[in-house]
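Student: here's my sequence, what's the structure:
(2 chains)
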Number of protein chains: 2
Amino acid sequence: MSDPSTAPPLTRASVEAAHRLIAGHVHETPVVTSSTLSRLASTQRTPQDLAGTPWAGRAPAAPVLRLYFKCENLQRVGAFKARGAFHALERLKLDPAWDPARGVVTHSSGNHAQALALAARSNGIPAHIVMPSISAPAKIAATAGYGANIIFSGSTSVEREAVTARVVAETGARLVPPYDHPDIILGQGTAGLELLSQATSLIPSPHKTLNAIITPLGGGGLLSGVALACSTTSTHVFGAEPSYEGADDGRRGYYASPFPSRVEAVSSLTVADGLRTPVGRIPFSVITGPRPGAAAVDTEAAQASKEQVGHGGAGQGANPFGRMVAGIYNVSEDEIGAALRLVYERMKLVVEPSAVVGLAVALYNEDFRAMVEREAGADGWDLGLIFSGGNVNLDSLGRLFGKTQQASGT
Amino acid sequence: MSDPSTAPPLTRASVEAAHRLIAGHVHETPVVTSSTLSRLASTQRTPQDLAGTPWAGRAPAAPVLRLYFKCENLQRVGAFKARGAFHALERLKLDPAWDPARGVVTHSSGNHAQALALAARSNGIPAHIVMPSISAPAKIAATAGYGANIIFSGSTSVEREAVTARVVAETGARLVPPYDHPDIILGQGTAGLELLSQATSLIPSPHKTLNAIITPLGGGGLLSGVALACSTTSTHVFGAEPSYEGADDGRRGYYASPFPSRVEAVSSLTVADGLRTPVGRIPFSVITGPRPGAAAVDTEAAQASKEQVGHGGAGQGANPFGRMVAGIYNVSEDEIGAALRLVYERMKLVVEPSAVVGLAVALYNEDFRAMVEREAGADGWDLGLIFSGGNVNLDSLGRLFGKTQQASGT
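Tutor: Have a look, this model is predicted:
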């Protein structure tokens, strides 16, 4: 990886520069709407719906939401990760200290592995991918299909990092981490840049700008990059995480009192397998950092707001809009499954569970919905969402939809 | 249904008139391309690939195919059937003998039922839908969700038709059949009209017109309608059927010697459940009828061509281009499963098995591929395909993909 100390500043202008660097290498994926899903998101839930949730007994919120979906499931390698990987490669090519013949290395069993393998092949350089030997055969085959050199390791992070260090020592390859690097963050941010721009032709209201964007939050490359892309605009940015087995480490760290404090380890088997990782150091500092031009975060006010909004929940919904990311919300496994089913049934799009976590927040998280109702009133919000990827094991799809009921309607 | 004897003539001009009638009621669905699938379709298969197929031992064909997919899975109710149903309703409204308050009736457990229910609700009139009591609960719920009055029957066609006749007698509702009526055929044909028009901006070659369109063939409403839409153009039209348990009744009837002869009954449980029905009487007469402006079909020449091309197969591939439909091809269940997997994995689109039968022909039917190679040469063909629908039982998806292997690549 190019030396972080020589990386461009973490600003919207740098995201724009990244966009120019990767043009021609990645797709400008389409932004689509669904009247059915916008209608569902704008339909007040019933008190029965809230039974058994943290909001049981609360009056259901009545937000108005018009949804705009950025289809990164249609991106190359089926995920936004292509953006960061191609940007990292383009940036490396500007680094005189890097020998292309020595290639790149990463440890990943997911979309980043395939993205880096593709970017390396496109540039005619070697890619070494360290994968746990227990990875799904389909993922191994897909990564090998891009011409990468696969090196197996044990499945713990210590084992993977030891093998990666050995590969670096033996080959001189440069490490390209999946999210904790400015070049990766700036590359992923280009998805937000495009979404902002593409939405203007779709938004019916006079302002023509998205009121907000919500993205899934795993390692944080996408969320922090999108926040940078929006940092000089009026668009608020939110994160979405699974709550299962503590996978909402980003939310817990973001709302830690009295100051944000990154949660460094997570061990969750959430169905949203792209979001099992803890938020990275650099992404977390962007996410919780001050938003340019905004008043400094008033921790006391934020805390008061948090207590007010977080009634019945775990403090989520506090809305310190002075931060780069204006809030982080979580959803249950069942809510992810229900959102996934809706996307397949109503939008006819293949997405992976991690991709729908933002939609699940918009549909089911009453803290988020109450915040939108309060902020937007009857005008409602034009809300951008990022379908982060579409790489799913088809043979396990039936299981993924879980116990959620098949819906009916238009 | 409006009296067939007063229906518009079965011409492209009538399809254009139908398109004007249903504008605003149905979506102009997108036409998309996939470089991966076009590349796969243009890749010669190996002799090993052909082992165990009717073409074992033959030299694999080497066609060049650029594919254009019309996404009727994104149509209202998730299938092209919305076109025919809305057109039938618009035509009925022009019939002074029809009392809207008495509504419409059909017997169907599939996409036509939901399409007619939606069209009726949109027009504020009652819809009675006769469904076998053993229908999947999800399908019953979806149809009821459109406000239709569901009447259960036994599952044989005799039982269903008896119940339908009783509903007609009791309510005075007008029967709207799923495919065997000119108004339905003309409505479905509008999908072909749009595909022809939309493809012109996507085709790289100088001629800017699709060389051919291939559609699934069940009852024949779609295939005959698309053939009418193309009848005054240079675009050839082909049909695609499953071979399992004789579901290729259309192909068998089309190539019957010495003259086409409709197969009137089919009993197949092909995975392509929308294509289990025999071709209807009117669709069959369109499909096998003479193409305007073409030389009359020379049965003897067609027969010779059939024997020549059909080597090792069951006579498919005969190519009497003088007919409205230039040929009908079949595929196995495994080939449908493999094509389905490709669409989910590579295009990230949710489609039902019936929707990919044309793609399976383009990828796997060596008679079709040899014909394209012979007709198109090195220039290749720009081939339109219609993803007819996307209504699939998600819980059975894993099973649908069957034993086909997960693919890898770009």
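Student: now the helices for the stretch 201-350 of chain A?
Tutor: For the stretch 201-350 of chain A, the helices defined by DSSP state H, counting those that start in this stretch occupy A:221-229, A:249-254, A:281-288, A:299-309, A:333-342.
Student: now the longest helix seen in chain A: buried residues?
Tutor: Counting by DSSP state H, the longest helix found in chain A is helix A:182-199. Residues of helix A:182-199 classed as buried: A:182-196, A:198-199 (neighbour count, 16 or more other CB atoms under 10 Å in any protein chain shown). In short, each C-beta sits where N, CA and C put it, glycine included.
Student: got the CA coordinates for that helix in PDB?
Tutor: As requested, C-alpha coordinates have been extracted for helix A:182-199 and formatted as PDB (Å, rounded to 0.1, in the frame of the first residue of the first chain):
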ATOM      1  CA  PRO A 182      -6.900   6.500   3.300                       C
ATOM      2  CA  ASP A 183      -6.600   5.300  -0.300                       C
ATOM      3  CA  ILE A 184      -9.300   2.700   0.300                       C
ATOM      4  CA  ILE A 185     -11.600   5.100   2.100                       C
ATOM      5  CA  LEU A 186     -11.300   7.700  -0.700                       C
ATOM      6  CA  GLY A 187     -12.000   5.000  -3.300                       C
ATOM      7  CA  GLN A 188     -15.100   3.700  -1.600                       C
ATOM      8  CA  GLY A 189     -16.300   7.300  -1.100                       C
ATOM      9  CA  THR A 190     -16.700   7.600  -4.900                       C
ATOM     10  CA  ALA A 191     -19.900   5.500  -4.600                       C
ATOM     11  CA  GLY A 192     -21.400   8.300  -2.500                       C
ATOM     12  CA  LEU A 193     -20.200  11.000  -4.900                       C
ATOM     13  CA  GLU A 194     -22.000   9.200  -7.800                       C
ATOM     14  CA  LEU A 195     -25.100   8.600  -5.700                       C
ATOM     15  CA  LEU A 196     -25.400  12.300  -4.800                       C
ATOM     16  CA  SER A 197     -25.000  13.300  -8.500                       C
ATOM     17  CA  GLN A 198     -27.200  10.600 -10.000                       C
ATOM     18  CA  ALA A 199     -30.000  11.300  -7.500                       C
END
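Student: quick one: contacts of stretch A:189-200?
Tutor: Counting contacts by CB atoms under 8 Å, 6 or more residues apart in numbering or on different chains, the residues outside stretch A:189-200 that touch it are A:12, A:15-16, A:18-19, A:22, A:26, A:28-31, A:68, A:70, A:72, A:80, A:83, A:87, A:208-210, A:213, A:215, A:222, A:224-230, A:233, A:235, A:237, A:382, A:384, A:386.
Student: go on, stretch A:263-273?
Tutor: For stretch A:263-273, contacts defined as CB under 8 Å, 6+ apart pick out A:110, A:216, A:242, A:244-247, A:249-250, A:252-253, A:276-279, A:333, A:336-337, A:352-354, A:357, A:400, A:402.
Student: report the distance from the longest helix of chain A to the chain centre.
Tutor: Its chain's average C-alpha position is 11 Å from that of helix A:182-199, according to CA atoms, centre = their mean, to the nearest Å.
Student: tell me the angle of that helix relative to helix A:221-229?
Tutor: Taking axes from the mean of the first three to the mean of the last three CA atoms, to 10 degrees, helix A:182-199 and helix A:221-229 form an angle of 60 degrees between their directions.
Student: now helix A:182-199: mean pLDDT?
Tutor: What helix A:182-199 shows for mean pLDDT is 98.
Student: can you tell me which of the contacts of stretch A:263-273 are buried?
Tutor: Buried residues within the contacts of stretch A:263-273, counting neighbours by 16+ other CB under 10 Å: A:110, A:216, A:242, A:244, A:246-247, A:249-250, A:252-253, A:276-279, A:333, A:336-337, A:352-354, A:357, A:400.
Student: residue of the stretch 51-200 of chain A closest to chain B, please.
Tutor: Nearest residue of the stretch 51-200 of chain A to chain B, counting by CB to the nearest CB: residue A:145, 3.3 Å away.
Student: give me the pLDDT for that residue.
Tutor: In this prediction, residue A:145 has a pLDDT value of 91.
Student: contacts for stretch A:232-239, please.
Tutor: Contacts of stretch A:232-239 with the rest of the structure, by CB under 8 Å, 6+ apart, involve A:12, A:192, A:196, A:209-217, A:223, A:226-227, A:230, A:250-251, A:254, A:287, A:292-293, A:321, A:324-329, A:358, A:361, A:368, A:384.
Student: in strands, which of those residues appear?
Tutor: Using DSSP state E, the members of those that fall in strands are A:212, A:213, A:214, A:215, A:216, A:327, A:328, A:329, A:384.
Student: could I get the residues you listed as JSON lines with distance to residue A:123 and pLDDT?
Tutor: Conversion of the ones in strands among the contacts of stretch A:232-239 to JSON lines gives the following (distance: CB to CB, whole Å; pLDDT from 0 to 100):
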{"residue": "A:212", "distance to residue A:123": "36", "pLDDT": "98"}
{"residue": "A:213", "distance to residue A:123": "30", "pLDDT": "98"}
{"residue": "A:214", "distance to residue A:123": "33", "pLDDT": "98"}
{"residue": "A:215", "distance to residue A:123": "27", "pLDDT": "98"}
{"residue": "A:216", "distance to residue A:123": "28", "pLDDT": "98"}
{"residue": "A:327", "distance to residue A:123": "38", "pLDDT": "97"}
{"residue": "A:328", "distance to residue A:123": "35", "pLDDT": "98"}
{"residue": "A:329", "distance to residue A:123": "38", "pLDDT": "98"}
{"residue": "A:384", "distance to residue A:123": "31", "pLDDT": "98"}
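Student: out of those residues, which one sits closest to chain B?
Tutor: Checking those against chain B with CB to the nearest CB, the nearest one is residue A:216 at 16.5 Å.
Student: and residue A:241, how far from residue A:231?
Tutor: 21 Å (CB to CB, to the nearest Å).
Student: what sits against residue A:50?
Tutor: Residues counted as contacts of residue A:50 (CB under 8 Å, 6+ apart) are A:56, A:57, A:58, A:60, A:366.
Student: and residue A:66, that's in a strand?
Tutor: Yes - according to DSSP: H, G, I helix; E, B strand; the rest coil, residue A:66 belongs to a strand.
Student: around it, how many other residues sit close by?
Tutor: By other CB atoms under 10 Å in any protein chain shown, the residues close to residue A:66 number 22.
Student: distance of it relative to residue A:381?
Tutor: Taking CB to CB as the criterion, residue A:66 is separated from residue A:381 by 7 Å.
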